[in-house]
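Asks: sequence plus predicted model, see below.
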Amino acid sequence: MSAQHHGQPPPDSDQGRPLLVVIDPVARRTDGESVRIAKDVLCAGASAKICLPDGPEEAARALARRGNRRPVVIGDDRALLRAVALLHRDRALTDATLALIPIGATPTVALARALGVPTGAVAAARAVLDGVDKQLDLLVDDSGGVVLGGLRIPALPPSSADRTAHQPWWAPSVRTYRTLVRTLSGPVPVLGSLPGVRRAADDGGGEERPGGPAGLPAPAGPERNGHGPSSQRLRIEADGVLLIDLDRAVEDIAVSTSGLAPAMRGGSDGYGDGSGGSDDASGADGSGGGLVHVSIRWRPDGDRAGIAQTMTARARSLTVSGPDFHYRADAIVGGPVRARTWTVQPGAWRLTLPKG
């Protein structure tokens, strides 16, 4: 890891404190030009220490040694999640206001967009310098995992762009493909027939699933129990109140925190349940009053042809139990587990967002 010091603090800066800018290695590899632009804007407006970690461990050490510097992450959703998880583990979230400059393909920065962070390098960097701090709720599970925006059960499959972005450059499929691009002089062969090139489902992006059309991963739903391609028998409790028992086939559970921008609560990118609208439970401090929105789509046992029913609720805690299930918490797929409880921590973290 290398560190560089740049710039001087402006005399009347709204944010005041110097910056610790942690540039994720995936961002440097994915879009080095946007990284450079964002760094130049930050260094022109504040005193900044630039850290170039080679991996998550070095990034964690840099954050742990930040001193009084304001942490700024340049990277995708996973880089933000790692930073929040580290600060939560170290019980330092209340002492640090995070800022993010999203770098990556559109699917890999869906969480950043849902939280209201600008996706352009210049706009995001200006928001870091001139924005306002917003207090947001955090959803924490009983194993210490964190959720910033959305939770889905069954786990939505990661996109091909997300899988490719997080492959190391030496991964066989990536290495073989790049070599072909450089040296190809004849007709383009079928990629799947090349030796050493594996299907996307085998590239470490998640569990191996039965193949779909053209060798693509099958749709979401690792468990198939006769109630449909992704139905599961699950017991769901909100604040200790039973919502769904094992006699119903659950097709989808969508949980969204209050921090999502209202326009992003329409179910795209795995966030929200399709209801959209504003969050009427938001607190005066900008947090969501300690509540998450839960939407459950289910069918009565044995009713495979009928119209699916939808149930919604607001709760401070959610417990899901039953046969082994997977879940997708923001950009991370977890499981299989047989029981998991998520609890809201109101206003547990702060993110710098544009004014207005």
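Replies: Sure, I can see it. Numbers count the residues shown, from 1 in each chain.
Asks: please report how far residue 33 lies from residue 39.
Replies: Here residue 33 is placed at a distance of 11 Å from residue 39 (C-beta to C-beta, to the nearest Å). Any C-beta I mention is one placed from the backbone N, CA and C, and that applies to glycine too.
Asks: quick one, which of those two is more surrounded?
Replies: residue 39 (21 against 9; other C-beta atoms under 10 Å).
Asks: show the pLDDT at that one.
Replies: pLDDT for residue 39: 97.
Asks: what does residue 95 give?
Replies: At residue 95, the pLDDT recorded in the model is 88.
Asks: and what of residue 269?
Replies: 54.
Asks: one more: residue 57?
Replies: Looking at residue 57, the pLDDT reads 91.
Asks: also residue 294?
Replies: Predicted confidence (pLDDT) for residue 294: 97.
Asks: so it makes contact with residue 238?
Replies: Yes - counting by C-beta atoms under 8 Å, residue 238 is a contact partner of residue 294 at 5.9 Å.
Asks: overlap of the contact sets of those two?
Replies: Residues touching both residue 294 and residue 238 (C-beta atoms under 8 Å, 6 or more residues apart in numbering) are 313, 315, 318.
Asks: what's the closest of these to residue 49?
Replies: Of all those, the one sitting nearest residue 49 is residue 318; the distance, using C-beta to C-beta, is 39.4 Å.
Asks: which of the shared contacts of residue 294 and residue 238 fall in strands?
Replies: By the criterion of DSSP state E, membership of those in strands covers 313, 315, 318.
Asks: just the buried ones from those, in ChimeraX syntax?
Replies: A single ChimeraX command selects the buried members of these (16 or more other C-beta atoms under 10 Å):
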select :313,315,318
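Asks: returning to that earlier point: which one of the shared contacts of residue 294 and residue 238 sits closest to residue 113?
Replies: Minimum distance to residue 113 across those is 24.2 Å, recorded for residue 318 (C-beta to C-beta).
Asks: any chance you could map the helices in this structure?
Replies: For the chain, the helices defined by DSSP state H cover 25-30, 32-45, 56-64, 77-89, 110-115, 121-130, 160-165, 172-183.
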